[in-house]
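Asks: below are the sequence and a predicted model for it; my questions follow.
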Amino acid sequence: MVEPVLLADRIKTSIELGESHFREFKSALEGPPSQKKPRARREIAKDICSTLVGFANADGGTLLVGVEDDGLITGLSHSTDDEAYLRACWKDGVHQKTPLSEVQVGKINEQGKDVLYFYVPKSAAFVHQTSDGRCLQRRDLETVPISVEEIQYTRLERASQEYDRQFVDSAVVNDLDAVSLATLAQQIARGMSNEKCLQYLGLADFATGVLKLRKAALLLFANDVTRWHPRSQIRLLRVSGTQLETGENYNVISEDQVQGNVVEIVENAWDKLRPYLVQTKLSPNAKFESRVMYPEYACREALINAIAHRDYSQEGRGIEIYVFDDRLEVKSPGGLLSTLSIESLKSLTGVHQSRNTFIARALREIGYMREIGEGVRRIYELMKSNELEEPEFTTDGSSFGVKLSNKALYSQQHLIWLDNFSHFSLTREQKAVIVMGYDGRVLSPNDILSGLGIVDTDDFRKIVTNLTDLGILESTMPKNKATRIAQLSGINTRDVPRFRVAVPDPTKPHKRPAKSKKPRKLQEPPKVESVSEDAKLFLGNLPSNLTKIELLNQFRAKGYAVDIHIPRQRRGGRSSYALLQFESEQEASDAMASLNGLVLGDRTLVARKANAKAPPSIAESG
């Protein structure tokens, strides 16, 4: 029971502050303003139990019964029996398997009206539910339904993020590897002491004249890390086949284990892992040959990330690395933090959030990690540059996994096909175009654009031009013929197949002609496809803030291939009109019909054929 004087002060303060994440008001009345009557006690009891469960599952809080949402005290107009029922309702209204404890209950008379007071602290013992099985949690000004699993995950996540920053009272500096710590201290600043180094990295702090160590310091540098963490280790397993079997079919053919503090694991685990990356096979010429199956730096990044970001609060588990015939998997305790997702990692924007802030910072200072958040991006780049399948990431509430495949992006038939072009120094994009043209397939511009995942027509032209110059890509028809075919077929010109991959003669390697400073007089000028004047549009009255790229994107989204020219004014400003060149007269007509009279921002666009006379009302300045 709370002392009445203190309770009165608490209630007054709560009412003055209003409802919040930690405070809730519940009325004991119902009905129209002029005809208020007491609410049924069962309804009030249900509100009390729901609110207390929500507070206990969040950060604790205070409930006042007899106060309106706006802070007006309307009181409790119920019988003595009803009041006793409400004061004790939380004992039976909360599920028996998740009981509330330490609930404080009180009552005061304020302004001549009775107010009931309930307080419940944040709970770590249970995920609480009401007697009818509802799981609730306080979020800002509301008590909302939530799954038990989500609360459990959130609590585990908080525990994992706080693990390495906790201070360990029984630990002293002598428990740390002085040599490793001194090496790090000299890297940071010559002459720095071990104690200052620990404080500089936030791994220790002085309190009451004693240097107190965080768990991160012990995980990083402990002489005997098993005193502080039983599973600071990595298991390396070589599996025969592509799936891990059990029982009589158990197919692990070798196993290694690396144990020690974090610095020792980083240094020793890589030496143990490297032999697993090499595979020896019988070559076609009947010789045993060894080749590296994975990019070493990609594997090292996956290893370092697992060590730096694993959940050390899961003390019963360590990192596990499985080497199958077709892939390498790194599994570490602890799922992705709730602020991250697989999609955000795959976006390659460098998103990150460190679970173990102090460990990650120390590893960066030592030089084992570079920019935080860059590891995933480097893994992607390395797998891509080695023409291997993209890495795969998996996560659940308890673990995070990275899969690196040794499978090439191309099939065996495609690799044989690409071998015809091995004497060229081709880019990845150029190889992809060649593979698209396998088996005599004739490609359309859209086949190349979508196959490479590019949207910029300048990139498309550069790739096509380079392959054409090398004699690898041939045009089966001129562009104007493709335009006519598109018109007759009712399709976009970009969907007309007109590029074919040509296999070079191996006895006559193609050489790019040397560039000449002076044009060859006897050389015939290149043929230029004629451009119909009827395929040009004048687009006037453009908004001043509209950019060329924004205008281009509007047309690309509708499948139009268009060149845009926005003239500059003599004084340096930008004109309020643009000249549009389409591939066909039909495309220009369709665009003119949809653009003329279109309201864009505060402007009404004017579209007409470029060779038509402008109406007198249209001014260039818009």
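Replies: Arrived safely, thanks for sending.
Asks: beyond the helix or strand bottoming out on mean pLDDT in the chain, next helix or strand please.
Replies: In the chain, no helix or strand scores lower on mean pLDDT, DSSP states H and E than strand 288-292, which sits at a mean of 57. Towards the C-terminus, the helix or strand next in line after strand 288-292, according to DSSP states H and E, is helix 296-309.
Asks: and that following helix, what's buried?
Replies: Going by neighbour count (16 or more other Cβ atoms under 10 Å), the buried part of helix 296-309 is 298-309. Where you see a C-beta, it was placed from the backbone N, CA and C, and this is true even at glycine.
Asks: pLDDT of it, averaged?
Replies: The pLDDT scores in helix 296-309 average 89.
Asks: quick one: contacts of it?
Replies: Residues outside helix 296-309 that contact it (Cβ atoms under 8 Å, 6 or more residues apart in numbering) are 234, 262, 265-266, 269-270, 273-274, 277, 319, 321, 328, 330-332, 334, 354-356, 359-360, 363, 368-369, 375-376, 378-379, 382-383, 386, 391, 400, 402, 404.
Asks: ok, now stretch 451-462?
Replies: By Cβ under 8 Å, 6+ apart, stretch 451-462 touches 429, 432-433, 436, 445, 448-449, 463, 556, 561.
Asks: only the C-alpha atoms, please, for it, written as PDB.
Replies: Taking Å, rounded to 0.1, in the frame of the first residue of the first chain, the C-alpha atoms of stretch 451-462 are listed here in PDB:
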ATOM      1  CA  GLY A 451      19.000  -8.600 -68.900                       C
ATOM      2  CA  LEU A 452      21.700  -6.200 -67.600                       C
ATOM      3  CA  GLY A 453      19.300  -4.400 -65.200                       C
ATOM      4  CA  ILE A 454      20.200  -1.000 -66.600                       C
ATOM      5  CA  VAL A 455      17.900   2.000 -67.300                       C
ATOM      6  CA  ASP A 456      20.300   4.500 -68.700                       C
ATOM      7  CA  THR A 457      20.300   4.500 -72.500                       C
ATOM      8  CA  ASP A 458      23.800   6.000 -72.500                       C
ATOM      9  CA  ASP A 459      25.100   2.800 -70.700                       C
ATOM     10  CA  PHE A 460      23.200   0.700 -73.200                       C
ATOM     11  CA  ARG A 461      24.700   2.500 -76.200                       C
ATOM     12  CA  LYS A 462      28.200   2.200 -74.700                       C
END
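Asks: ok, the spatially most central residue of the chain to K107 distance?
Replies: Of all residues in the chain, the one closest to the mean position by Cα atoms, centre = their mean is S344, 1.3 Å from it. Distance, S344 to K107, using Cβ to Cβ, to the nearest Å: 50 Å.
Asks: which ones are touching R214?
Replies: So R214 contacts 164-168, 202-205, 358 (Cβ under 8 Å, 6+ apart).
Asks: how far does stretch 190-209 stretch from one end to the other?
Replies: 25 Å (Cα to Cα, to the nearest Å).
Asks: ditto for stretch 437-449
Replies: First-to-last residue span, stretch 437-449, Cα to Cα: 14 Å.
Asks: point out where the stretch 301-450 of the chain drops to low pLDDT.
Replies: Counting by pLDDT under 70, the low-confidence segments of the stretch 301-450 of the chain come to 338, 348-353, 370-373, 409.
Asks: let's verify S354: helix, strand, or coil?
Replies: Here S354 is coil, with the state taken from DSSP: H, G, I helix; E, B strand; the rest coil.
Asks: where's the nearest residue to it once chain neighbours are set aside relative to I307, distance?
Replies: Excluding the flanking residues, the one nearest S354 by Cβ to Cβ, 6 or more residues apart in numbering is A360, at 4.3 Å. Look at A360 and I307: by Cβ to Cβ, they are 10 Å apart.
Asks: check which element follows the strand or helix carrying S344 along the chain.
Replies: According to DSSP H and E, S344 maps onto helix 342-346. Once helix 342-346 ends, the next helix or strand along the chain (criterion: DSSP H and E) is helix 357-366.
Asks: show me the contact partners of the helix or strand harbouring E381.
Replies: Using DSSP H and E, E381 falls within helix 375-385. When contacts are defined by Cβ under 8 Å, 6+ apart, helix 375-385 is touched by residues 295, 297-298, 301-302, 304-305, 345, 348, 350, 369, 389-391, 393, 402, 404, 428.
Asks: what's the angle from it to helix 296-309?
Replies: 160 degrees (axes from the mean of the first three to the mean of the last three Cα atoms, to 10 degrees).
Asks: next SSE downstream of helix 375-385?
Replies: Sequence order places strand 392-395 as the next helix or strand after helix 375-385, per DSSP H and E.
Asks: chain center to that next one, what's the gap?
Replies: Relative to the chain's own centre, strand 392-395 is displaced by 12 Å; criterion: Cα atoms, centre = their mean, to the nearest Å.
Asks: packing partners for the helix or strand that it is followed by?
Replies: Using DSSP H and E, the helix or strand that follows strand 392-395 in sequence is strand 399-405. Here strand 399-405 touches helix 296-309, strand 327-333, helix 375-385, strand 392-395, going by 3 or more Cβ pairs under 8 Å, 6 or more residues apart in numbering; DSSP states H and E.
Asks: what does strand 399-405 contact?
Replies: 294, 298-299, 302, 305-306, 309-310, 326-336, 379, 383, 388-389, 391-395.
Asks: now those residues: which count as buried?
Replies: When the contacts of strand 399-405 are checked for burial by 16+ other Cβ under 10 Å, the buried set is 294, 298-299, 302, 305-306, 309-310, 327-336, 379, 383, 388-389, 391, 393, 395.
Asks: circling back to that earlier point, now render the helices and strands packed on strand 399-405 as CSV, adding distance to H95.
Replies: Output for those, formatted as CSV (distance: least, Cβ to Cβ, whole Å):
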stretch, distance to H95
helix 296-309, 36
strand 327-333, 30
helix 375-385, 42
strand 392-395, 31
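Asks: mind checking which of those is nearest I73?
Replies: Distance to I73, taken as Cβ to Cβ, is lowest for strand 392-395 among the helices and strands packed on strand 399-405, at 49.8 Å.
Asks: who are the packing partners of that closest one?
Replies: Helices and strands touching strand 392-395, by 3+ Cβ pairs under 8 Å, 6+ apart, are helix 342-346, strand 399-405.
Asks: which of these sits most buried?
Replies: Mean neighbour count (mean count of other Cβ atoms under 10 Å) peaks for strand 399-405 among the helices and strands packed on strand 392-395, with a mean of 21.
Asks: so I73 makes contact with E110?
Replies: Yes: using Cβ atoms under 8 Å, I73 is in contact with E110, at 5.6 Å.
Asks: ok, now which ones touch D396?
Replies: G335.
Asks: got it, and P445?
Replies: So P445 contacts 460, 493-495, 498-499 (Cβ under 8 Å, 6+ apart).
Asks: next: A178.
Replies: So A178 contacts N194 (Cβ under 8 Å, 6+ apart).
Asks: read off the pLDDT value for it.
Replies: For A178, the predicted pLDDT is 93.
Asks: and what of the one 5 residues further on?
Replies: According to the prediction, T183 has pLDDT 89.
Asks: run a quick neighbour tally on it.
Replies: Other residues near T183 come to 13 when the count uses other Cβ atoms under 10 Å.
Asks: is it true that it lies in a helix?
Replies: Yes: under three-state DSSP, T183 sits within a helix.
Asks: domains of this protein?
Replies: The record assigns the chain these domain ranges, following automatic domain parsing: 4-146, 163-227, 233-405, 412-501, 533-609.
Asks: any idea how far the second one is from the chain center?
Replies: If you compare the mean C-alpha spot of domain 163-227 with that of the full chain, they lie 33 Å apart, counting by Cα atoms, centre = their mean.
Asks: what's the answer for the fourth one, then?
Replies: Its chain's C-alpha centre and that of domain 412-501 lie 33 Å apart, by Cα atoms, centre = their mean.
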